[in-house]
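Q: All I have is the shape, not the residue letters:
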Ligand SMILES: NC(=O)CC[C@H](N)C(=O)O
């Protein structure tokens, strides 16, 4: 049996059973409370640079398949579980979690007290960690720990390298890919949108030339302030066409409109986060994965209106522009994994694009 070690910034040392690839990794250690959806979580590019603890105690029980992926390959750095299911059973199962992780060079540790780890992170905040399945001693690990700094260029690592299209009969949406989950494109495409996916650093001028009816800002890893070029691009685009931002996209929209973001202690990661829609008074259950949030007190003096808040901690979960057809949410309406309570936001976006088209046509014919 392969042994594994996990060392955290606060000195916590845990030994367990290694699985996945035989290697070393480091990253920001975060936890996800989803009971299912580990395959979508592992392939969500927003986890680039992070080691994920799954709080649900049995992971891998329905195996892995070719369909439930949210990106072409995983960018997550490591996985921590209480128990790894070695004999998955499901009609869609194609291979074990262990084999899948090996294929992508990602190490995992099992048999550790994930509840204790989660409580620690809840109290002290997320922290740097280093994980090895390669047999390194604690001393070597501690040395390697010092030499690693947390990543800051994740968006450039995970974004598409070239423009590609998924044609449709509906409005043309330029999807700025900061590490987009497939789910976002899937939701747009199944509503007929003509989607053009562009790299994260595509300029406003280049995007203009694609004649978009709307701009979709995707989710993505890291601190939104690490991609100032994108904030500038959003600032220019928001004046021109309807815009919808999700997660990192929401944070970039807020920064572009003059608001501020901050790092949260341990963030929100899971499939059951209650959010209050301040306009309808309804509570929706949402899928989330974020470690930064828009500061509510920074909205003053901007043209942004707070539309959603998290019921657990009151943080900002949604915004809209006072004057322009632009809005954003911190949670994931595309779910994958998670509840589909808020998929209608994609319809709202399409509605804004159609309204604008009609207005423009009205002006032409008048
Ligand atoms: N899923 C996301 O887009 C996450 C946004 C950002 N990286 C955060 O952690 O807050």
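A: In hand now; what should we look at? Everything numeric here is computed off the predicted structure, so don't read it as measured data.

Q: could you point out the longest strand in this structure?
A: strand 261-277 (DSSP state E).

Q: need the strands for the stretch 251-366 of the chain, in chain order.
A: Using DSSP state E, counting those that start in this stretch, the strands of the stretch 251-366 of the chain run over residues 261-277, 283-294, 304-310, 316-321, 326-329.

Q: What parts of the protein come near the ligand?
A: Contacts of the chain with the ligand, taken as CB under 6 Å from any ligand atom, map to 46, 219, 220, 221, 222, 247, 248, 289, 290, 291, 292. No exception for glycine: its C-beta is placed from N, CA and C like everyone else's.

Q: Rebuild the residues you listed as JSON lines, extending it with neighbour count.
A: Formatted as JSON lines, these follow (neighbours: other CB atoms under 10 Å):
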{"residue": "46", "neighbour count": "30"}
{"residue": "219", "neighbour count": "28"}
{"residue": "220", "neighbour count": "30"}
{"residue": "221", "neighbour count": "28"}
{"residue": "222", "neighbour count": "26"}
{"residue": "247", "neighbour count": "31"}
{"residue": "248", "neighbour count": "32"}
{"residue": "289", "neighbour count": "29"}
{"residue": "290", "neighbour count": "24"}
{"residue": "291", "neighbour count": "20"}
{"residue": "292", "neighbour count": "19"}
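
Q: Make CSV from these and add distance to residue 199 and pLDDT to it.
A: Output for those, formatted as CSV (distance: CB to CB, whole Å; pLDDT from 0 to 100):
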residue, distance to residue 199, pLDDT
46, 17, 98
219, 15, 98
220, 12, 98
221, 15, 98
222, 16, 98
247, 18, 98
248, 14, 98
289, 22, 98
290, 22, 98
291, 23, 98
292, 22, 98
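
Q: Residue 149: neighbouring residues, count only.
A: When counting by other CB atoms under 10 Å, one arrives at 8 neighbours for residue 149.

Q: Confirm it sits in a helix?
A: No. Per DSSP: H, G, I helix; E, B strand; the rest coil, residue 149 lies outside any helix segment and is coil.

Q: Now the phi/psi pair for it, please.
A: Main-chain dihedrals, residue 149, degrees, to the nearest 10: phi -110, psi 160.

Q: Same question for residue 69.
A: Dihedral pair for residue 69: phi -100, psi 150, per degrees, to the nearest 10.

Q: Same check on residue 226?
A: Phi and psi for residue 226, reported as degrees, to the nearest 10, are phi -80, psi -10.

Q: Quick one: neighbours of it, just the number.
A: So residue 226, with other CB under 10 Å, has 15 neighbours.

Q: tell me the contacts of it?
A: Contacts for residue 226 (CB atoms under 8 Å, 6 or more residues apart in numbering) come out as 152, 153, 154, 155.

Q: Please indicate which of these has the highest neighbour count?
A: residue 155 leads the contacts of residue 226 on contacts (other CB under 10 Å) with 29 neighbours.

Q: so how far is residue 218 from residue 355?
A: 23 Å (CB to CB, to the nearest Å).

Q: Compare those two (neighbour count), which wins?
A: residue 218 (27 against 12).

Q: Mind splitting the chain into its structural domains?
A: 3-151, 156-365 (automatic domain parsing).

Q: residues touching residue 220, list them.
A: Residue 220 neighbours (CB under 8 Å, 6+ apart): 45-46, 154-155, 158-159, 178-180, 200, 247-249.

Q: for the residues you listed, which one is nearest residue 209?
A: Ranked by distance to residue 209 (CB to CB), the contacts of residue 220 are led by residue 200 at 17.3 Å.

Q: State the distance from the closest one to residue 104.
A: Distance of residue 200 to residue 104, computed by CB to CB: 22 Å.

Q: Looking at these two, which is more packed in?
A: residue 200 (23 against 14).

Q: excluding its backbone neighbours, what's nearest the more buried one?
A: residue 159 (4.0 Å; CB to CB, 6 or more residues apart in numbering).

Q: Quick check: that neighbour touching residue 175?
A: No. Using CB atoms under 8 Å, residue 159 is not in contact with residue 175; the gap is 10.9 Å.
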